[in-house]
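Asks: requesting a structural model of the entry that follows:
(one chain, ligands or ions: 1)
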Amino acid sequence: MVFEAHEQVLSILYWGRDIEVLGDPGDLKSAVTKSVSNSSTDEPLTPGIMREHSRSFLGHPTLSGHRGGKAWSTQFSLVDYSHQGNTLIAQLHDEAAALHLEISYHLTDEGILKINAILTNKGEADYSVDQFVYWLPLADRAREILDFTGRWSHERHPQRRPIVSGLSSREIREGRTGHDYTIAQIAMTSSTNFSGGEAWALSMAWSGNSVHHVERLADGVQSIGAGELLMPGEIILAPGTSYQIPGVVANYSDTGLDGLSHNYHSWLRARPHHPTNVRPRPLTLNVWEAVYFAHDEETIKKIADAAAEIGVERMVLDDGWFHDRRHDRAGLGDWVVDPAVWPNGLGSIIKYINDKGIEFGLWFEGEMVNPDSDLYRAHPEWILHEADRVPPLWRNQLVLDISHPGAYEHVLGQVDAVLSEYNIAYIKWDHNRGLNDAGHLGQASIHNQTAAIYRLFAELKRRHPKLEIESCASGGARVDLGIVDVVDRFWTSDNNDALERQTIQRWTGIAIPPEMLGTHIGPTHGHQTARTHEISFRAINAIFGHAGIEWNVTEANDEERVILKKWAALYKAKRGMLHSGRAVRVDHPDANAFLYGVVAQDQSEALFAYVQHRMNESNFPAMALIPGLDPRATYEVKVVGDVGKPRALQVKNPPWLKGVRLSGAALASIGVRPPILAPENAILISATRVD
Ligand code: GLA
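Replies: Have a look, this model is predicted:
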């Protein structure tokens, strides 16, 4: 990044590829300065990071707000800055508007740029913040936008389109991150793909409402921006108070989209509390799709027996264990074990599971309440609402106003009591509805609600230091770079169909490393799509994440159980590599197949999946390249049989499947010929260094 501080205006002259030797700063300024065009201001524009009208900037501003209709236009001056290592902290002040902004830019060793700011009201009357958007300049050669859209069971599907004049925006107004959230807004050149080209990405580090923009002005100036989306009157700063503005995470790559992932993953993995820095990711079995609400100790014990035989390390009791929760119409809010289904409490089932060497996990949805609950009957005023309206029900539930101290203490107290009484290693924390009409004492409260859940998670972890939390929201509706700091895992999607998961996992994995993404083997006949898949396909899909099972394994036949056991052993043997290596997605020429994998950081090995989504156009599938290995080293390459056999449409397999030796260079440029697979089948390919 190149900043300029000139005449009390702070500007970003450049953000992109690392430039080791810049040359004369004055000459750079002169090189980038625009001419004065006809019909424009008389001097070239220097709007600075605040992008203000008062400095002749006519695009989307950084700060919008007012003080009872006054101070609607600002002119911030740079009054001070400090610069240490890769961090710049700047103080900007507007005397007339009586506002102060502290903004910090921190470039991490992994190449991630974090920007945070605090706005303080220095005046004597309230100041209303309408919006604050962080902006970064985009190179003119960025010509396309890639962002993500989705819905329940269909998260993070890509949309790629040209950058055109105007503002291209993605808004989230549902109060949680959302299925439709673009986990990153990416601008890139027209030729950027997984393995090459430039990409500039920006993401909110926030789980509430958000907006992501790409702006191209009529004069050709391009920028990328993101900020918290505020409801009217949501942030009104009393004199002397501050708005801690949710931050953003920016990322640049000149090695394609995989380069972006490499930066995100390295940055997250460098955190001391990153889950793999604490312990390997335990093979997990969740009983949700096995039993749904039909909890019964004997059934769960039988599943535990099968789980232990397979080698499961963590078992999760999902929704349905607490007071009156026999269906999704009652119980949320009453976090006490229901003796109707657990007459012995949870102690005996947890002991049974623990005695088999398996950890126990439990489901909560603490931010929610059913009207049919003791909590709601006692405190109907503790819901987020406006006027005297009750918001529309969504999955029969309402949102608890956890910025209300009473509601917060209730949830914290009940969850803490369960965690204190029982040996619980992990909780799956759900959030199954959007926030409609989400007011607190007459004021929009999405910001405060979001801050409160971060506080609650941090407090639970403070009280239970080994506790892990999975962020779930009807599947992947709360996966973002804000909550990532207080949780250990994401439930990537409610859709466990291995075919659907290919796309969902591919694109969620752009920003989130695989060890944080729950990927489970679903039932033979998928509960969401009713598709039938071979166990090999489901197993290959599930191994590329924090692996688990979401299937009633007591129904698996003997052959399937043997495969599950081998697969579990394979996951345990390879998770160290899979959860630390470099994620690679190959720009495969055949649109009917996906080819991707993980290469060990020391290039000693790799695991790749070749996935045939649809029937191949030609008889022989395109060669599968295995890039990223040491070009000079020799690797033993073969198909891994421990996941079971795929269905193939051929008379004879290509001979290499049993093992061949090729150099890393040959694997990157020639590859291996995949077998002719039936659609919705996959093979797992291993490459192991032999010299
Ligand atoms: C949500 C989750 C599921 C499951 C159910 C329980 O839909 O995404 O995994 O936990 O809630 O009600």
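Asks: go through stretch 23-38 and flag the buried ones.
Replies: Residues Leu28 are the ones in stretch 23-38 that count as buried (16 or more other Cβ atoms under 10 Å). Heads up, the C-betas are built off the backbone N, CA and C, glycines and all.
Asks: if you could redo that for stretch 234-242, that was the one I meant.
Replies: Glu234, Ile235, Leu237.
Asks: how far does stretch 635-647 stretch from start to finish?
Replies: Taking Cα to Cα, to the nearest Å, stretch 635-647 runs 27 Å from one end to the other.
Asks: buried sites along it?
Replies: Per 16+ other Cβ under 10 Å, stretch 635-647 contains these buried residues: Tyr635, Val637, Lys638, Val639, Val640, Asp642, Val643, Gly644, Pro646.
Asks: so the first one, which of the three states?
Replies: Here Tyr635 is strand, with the state taken from DSSP: H, G, I helix; E, B strand; the rest coil.
Asks: residues contacting the residue in the stretch 51-200 of the chain that the ligand sits nearest to?
Replies: The minimum distance from the stretch 51-200 of the chain to the ligand, using Cβ to the nearest ligand atom, falls at Trp152 (8.3 Å). Contact analysis of Trp152 by Cβ atoms under 8 Å, 6 or more residues apart in numbering lists His179, Ser474, Gly475, Ala477, Asp494.
Asks: circling back to that earlier point, ok, which pair from the buried residues of stretch 635-647 is furthest apart?
Replies: Taking Cβ to Cβ, the two most distant members of the buried residues of stretch 635-647 are Tyr635 and Gly644; they sit 23.7 Å apart.
Asks: nearest residue to His212 in space, please, no chain neighbours.
Replies: Gln185 (3.8 Å; Cβ to Cβ, 6 or more residues apart in numbering).
Asks: tell me where the stretch 51-200 of the chain has strands.
Replies: When assigned using DSSP state E, counting those that start in this stretch, the strands of the stretch 51-200 of the chain occupy the ranges 63-66, 77-84, 87-94, 99-107, 112-121, 127-137, 144-151, 154-162, 166-172, 185-188, 199-204.
Asks: rebuild those as JSON lines, extending it with mean neighbour count.
Replies: Formatted as JSON lines, the strands of the stretch 51-200 of the chain follow (neighbours: other Cβ atoms under 10 Å):
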{"stretch": "strand 63-66", "mean neighbour count": "20"}
{"stretch": "strand 77-84", "mean neighbour count": "13"}
{"stretch": "strand 87-94", "mean neighbour count": "19"}
{"stretch": "strand 99-107", "mean neighbour count": "20"}
{"stretch": "strand 112-121", "mean neighbour count": "20"}
{"stretch": "strand 127-137", "mean neighbour count": "21"}
{"stretch": "strand 144-151", "mean neighbour count": "20"}
{"stretch": "strand 154-162", "mean neighbour count": "17"}
{"stretch": "strand 166-172", "mean neighbour count": "17"}
{"stretch": "strand 185-188", "mean neighbour count": "27"}
{"stretch": "strand 199-204", "mean neighbour count": "27"}
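Asks: hang on, the earlier thing: now the contacts of Trp152: which count as buried?
Replies: His179, Ser474, Gly475, Ala477, Asp494.
Asks: which one of these is nearest Pro272?
Replies: Nearest to Pro272 among the buried ones among the contacts of Trp152, with distances taken as Cβ to Cβ, is Ala477, at 28.0 Å.
Asks: Ala458 versus that closest one, what's the distance?
Replies: Distance of Ala477 to Ala458, computed by Cβ to Cβ, to the nearest Å: 21 Å.
Asks: and the buried residues of stretch 234-242 as a markdown table, adding distance to Ala218, secondary structure and pLDDT?
Replies: Below are the buried residues of stretch 234-242 laid out as a markdown table (distance: Cβ to Cβ, whole Å; DSSP: H, G, I helix; E, B strand; the rest coil; pLDDT from 0 to 100):
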| residue | distance to Ala218 | secondary structure | pLDDT |
| --- | --- | --- | --- |
| Glu234 | 31 | coil | 98 |
| Ile235 | 31 | strand | 98 |
| Leu237 | 34 | strand | 98 |
